[in-house]
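Asker: model the structure of this input:
(one chain, ligands or ions: 1)
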Amino acid sequence: MSQKVRVRFAPSPTGPLHIGGVRTALYNFLFAKKHNGVFCLRIEDTDQARYVEGAEDYIKETLAWLGLEPDEGPGYGGEFGPYRQSERKEIYQKYAGELLKRGKAYYAFDTQEELDARRKMEAERGNHTFKYDAYSRKEMKNSLTLSDEEVGKRIAAGEPYVIRLLVPENDTVTFEDLVRGQVTFETSELDDKVLIKADGMPTYHMANIIDDHLMEISHVIRGEEWLPSTGHHVLLYKAFGWADSIPHFAHLPLILKPNGKGKLSKRDGAKFGIPVFPLEWNGNNELDHFPGFREYGFLPEAVINFLAFLGWNPGTDEELFTLEQLCEVFSLDKIHKGGARFDFEKARWYNHQYIQQTDDGELASLIRPMLKAHGLNPSRDFLVKVCGLLKERCHLLSDFWENGAWFFEEVKEYDLENVKKRWNTELKGHFDKLIAELDSMQSFDAPGLESKVKAFINENGLKMGQVLPLLRIALAGTMKGPGVFETMEVFGKSETLARIKKAVALFGGITDQ
Ligand code: GLU
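Answerer: Predicted coordinates for the structure are as follows:
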């Protein structure tokens, strides 16, 4: 690639960043790194009405959590700033002036009432999609139909106006999309988009194009929902005289609901019991509260790997890639055209894989906050060992608690159904003897415990199935869980014996009833 690769992630801070937006950030990041390019963050906050406090911080926290730190952006440095559009208002004004001078844009004074009246009139004519376009602009109140003098007067009098793009008549706009191939629009399909609003702020189209040009963006990689706008964008580049430096476009496929039916929306989180945001979001009202992948117990590495494969794959059977590896293998030509189904089971599978690869000490640090929230503060040494025992069965970090709370607090509930099936008074004597034997052991390691308990079972004419399940229930309350001898080792002698004694007393009481 001869041109310097510069890409941007350009979210609008209108609420929590949807997981689809995170995928867009990821693909931009991967593409930039693959080509030794630059990954910029640009905050598109020109729509004051939709601006939400905290949304920019949320975006930055998400990128930091996932390791997708921008090279340039607000708070990150860079020579092309400011990177917040609300701080670039004068720039857009200046370029709007350019377009007016070139005769590529015009003032429009139509009030909301006039536009509504026109819409109604068109509807009465059977035309339900009124467009301010080459046809209707000739009958509206704008600098194409009013005299220069009249226009000057209205502006001087402070009358509100917008500036619109003059879409050329009977023309065709064509561009090559790196995912979708050639895309063509007839200008008759395109309306004269507002570029500068009555409040003096630019619209998305205007600010986006000017910034992409001034920030020397080489590739625009964004969601498919922006494909219909790209016709206007290409026209804008041409109108400015920037036809030679139009960036390459790559429109990413939609992310579909888990059932494959339609686009994944933020409401699908509650509907399908899945996270659709990267981090927890707490808005101003009760309904504006969403859990995130992080709070569900996902590791950032798993989210990265899962999202990378949501609309792309390397063309091999390999599925596990770190961020660094993805930076090497990623390419735009392997992005799929069709929508990508959000498969939550797959996300869990990835997380399981990464939990196995994560060092026990790191897992211990990750799950300690969860234990603290339950008022528990086990020693580091114990916690690290428990993580090592439990991880094989965990898909989410929260599973460490779901599957192993009994490690950290006393058993809350015993599997009494199995106790009733297996316990008898005769066993009481055996268990008392076993307790005494365990108590006499010098070291308390899993292999030693295993030979000791098995020898005891044989010597007393018992069966494994009579003793081991009960031992397990005594320690954990349940028959599920890591190996019984490993568990005993991690608990150590005194906790192990205390649990067995307590359980034996309880089992006796239950079966006597
Ligand atoms: N601000 C737009 C968004 O919120 C950016 C679209 C684009 O990348 O051009 O997604």
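
Asker: pLDDT of stretch 60-70, averaged?
Answerer: Here stretch 60-70 scores 98 as its mean pLDDT.

Asker: with stretch 325-341 instead?
Answerer: Stretch 325-341 comes out at a mean pLDDT of 97.

Asker: count the residues that sit near the nearest residue to Leu449 once chain neighbours are set aside.
Answerer: In this structure, Leu449 finds its nearest non-sequential neighbour in Phe485, 4.4 Å apart by CB to CB, 6 or more residues apart in numbering. Bear in mind the C-beta positions are built from the backbone N, C-alpha and C, glycine included. Using other CB atoms under 10 Å, Phe485 has 21 neighbouring residues.

Asker: contact partners for Asn170?
Answerer: Thr187, Ser188 (CB atoms under 8 Å, 6 or more residues apart in numbering).

Asker: now do it against Val183, distance only.
Answerer: Distance, Asn170 to Val183, using CB to CB, to the nearest Å: 19 Å.

Asker: that older thread, and the residue nearest to Leu449, which of the three is it?
Answerer: Recorded secondary structure, Phe485: helix (DSSP: H, G, I helix; E, B strand; the rest coil).

Asker: correct me, but it touches Val453?
Answerer: Yes. Contact criterion CB atoms under 8 Å: Phe485 and Val453 qualify, at 7.2 Å.

Asker: immediately after the least confident helix or strand in the chain by mean pLDDT, which helix or strand?
Answerer: The helix or strand of the chain with the lowest confidence, counting by mean pLDDT, DSSP states H and E, is strand 289-290 at a mean of 89. Per DSSP states H and E, the first helix or strand lying C-terminal to strand 289-290 is helix 293-296.

Asker: tell me how far Asp71 lies from His35.
Answerer: Taken as CB to CB, the span from Asp71 to His35 is 13 Å.

Asker: and the stretch 151-300 of the chain, which residues reach the ligand?
Answerer: Residues of the stretch 151-300 of the chain lying close to the ligand by CB under 6 Å from any ligand atom are Tyr204, Asn208, Arg222, Trp226.

Asker: redo that, cut-off 5 Å
Answerer: Selection of the stretch 151-300 of the chain residues close to the ligand by CB under 5 Å from any ligand atom yields Arg222.

Asker: whichever residue of the stretch 151-300 of the chain sits closest to the ligand bridge partners, please.
Answerer: Relative to the ligand, the nearest point of the stretch 151-300 of the chain is Arg222 (3.5 Å; CB to the nearest ligand atom). Counting by DSSP bridges, Arg222 is bridged to His251.

Asker: ok, now which ones touch Lys141?
Answerer: Shown in contact with Lys141 (CB under 8 Å, 6+ apart): Ala108, Phe109, Asp110, Glu114.

Asker: hmm, which of the residues you listed is lowest in pLDDT?
Answerer: Lowest confidence among those: Glu114, with 94.

Asker: ok, and what's touching whichever strand or helix holds that residue?
Answerer: Element membership for Glu114 (DSSP H and E) is helix 112-124. Applying CB under 8 Å, 6+ apart, the contact partners of helix 112-124 are Asp110, His128, Phe130, Tyr132, Ser136, Glu139, Met140, Lys141.

Asker: point out where the stretch 1-150 of the chain drops to low pLDDT.
Answerer: By pLDDT under 70, the low-scoring segments of the stretch 1-150 of the chain are 1-2.

Asker: got the residues of it near the ligand?
Answerer: Ala10, Pro11, Ser12, Glu44.

Asker: farthest pair in the residues you listed?
Answerer: Maximum pairwise distance among these (CB to CB): 7.9 Å, between Ala10 and Ser12.

Asker: on that earlier part again, counting neighbours, which of the residues of the stretch 1-150 of the chain next to the ligand comes out on top?
Answerer: Counting neighbours by other CB under 10 Å, Ala10 leads these with 26 neighbours.

Asker: contacting residues for it?
Answerer: Leu41, Arg42, Ile43, Glu44, Asn208, Asp211, Arg222.

Asker: which ones among these map onto strands?
Answerer: In strands, defined here by DSSP state E, the members of the contacts of Ala10 are Leu41, Arg222.

Asker: can you show me the strands along the protein?
Answerer: Under DSSP E, the chain gives strands at 6-9, 38-41, 105-108, 162-165, 172-177, 181-186, 194-196, 219-223, 248-252, 255-256, 281-282, 289-290, 340-341.

Asker: same list (those strands) but as a markdown table, adding mean neighbour count.
Answerer: A markdown table is the format used below for the strands of the chain (neighbours: other CB atoms under 10 Å):
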| stretch | mean neighbour count |
| --- | --- |
| strand 6-9 | 26 |
| strand 38-41 | 24 |
| strand 105-108 | 22 |
| strand 162-165 | 24 |
| strand 172-177 | 14 |
| strand 181-186 | 12 |
| strand 194-196 | 23 |
| strand 219-223 | 23 |
| strand 248-252 | 21 |
| strand 255-256 | 21 |
| strand 281-282 | 16 |
| strand 289-290 | 17 |
| strand 340-341 | 18 |
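
Asker: so what touches stretch 328-344?
Answerer: 19, 27, 30-31, 34, 178-180, 219, 221, 250, 252-258, 260, 263-264, 268, 272, 274, 276, 308, 310-315, 321.
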